[in-house]
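Q: One predicted model, sequence on top.
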Amino acid sequence: MSERYVTVARVGEIAEGGVKVVYVDDVPVAVFRVDGAYHAIEDLCTHDGGPLAEGVLEGCVIECPRHGARFDVRSGAVLAMPATAPIPTYEVRVEGEDIQVRWS
Ligand code: FES
């Protein structure tokens, strides 16, 4: 499949500190806004598939609502167990009024 940018939200739609979940090719993608920047990760905890967007966001750190694993939404890095694998991340760009993720 070729690489492309997919529009997932409009500018102004995601509040500061907020998140929107969008399905792209049946993959749940959580788009967070932190300090005015957008960060997109797969919305499936690598521990046991928890819905990360339903967790608590503190700064750039999201805590999984199931068992408390923590990830950096900028890099996908694991910051706390029980997860051990990073979350896939997606590059985000803003084109006019569209927020887009790079998808391949
Ligand atoms: S499913 Fe996320 S910590 Fe277990």
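A: Alright, I've got the coordinates.
Q: and Cys60, what are its phi and psi?
A: phi -100, psi 10 (degrees, to the nearest 10).
Q: residues in contact with it?
A: 34, 39, 72-74 (CB atoms under 8 Å, 6 or more residues apart in numbering). (Glycine included, C-beta is placed from N, CA and C.)
Q: Pull the most distant pair out of these.
A: Within the contacts of Cys60, Val34 and Asp72 form the most distant pair, 10.2 Å apart (CB to CB).
Q: Keep the contacts of Cys60, but drop any that are not near the ligand.
A: Near the ligand, judged by CB under 6 Å from any ligand atom, there are no entries from these.
Q: Now list the buried members of the residues you listed.
A: 34, 39, 72-73 (16 or more other CB atoms under 10 Å).
Q: out of those residues, who's nearest Gly55?
A: Nearest to Gly55, judged by CB to CB, of the buried ones among the contacts of Cys60 is Val73 at 10.5 Å.
Q: Tell me how far that closest one lies from the ligand.
A: Distance, Val73 to the ligand, by CB to the nearest ligand atom, to the nearest Å: 14 Å.
Q: Look up which residues are beta-bridged to the closest residue to that residue other than its chain neighbours.
A: Distances taken as CB to CB, 6 or more residues apart in numbering place His39 nearest to Val73, at 4.4 Å, with adjacent residues excluded. Residues in a beta bridge with His39, per DSSP bridges, are Phe32.
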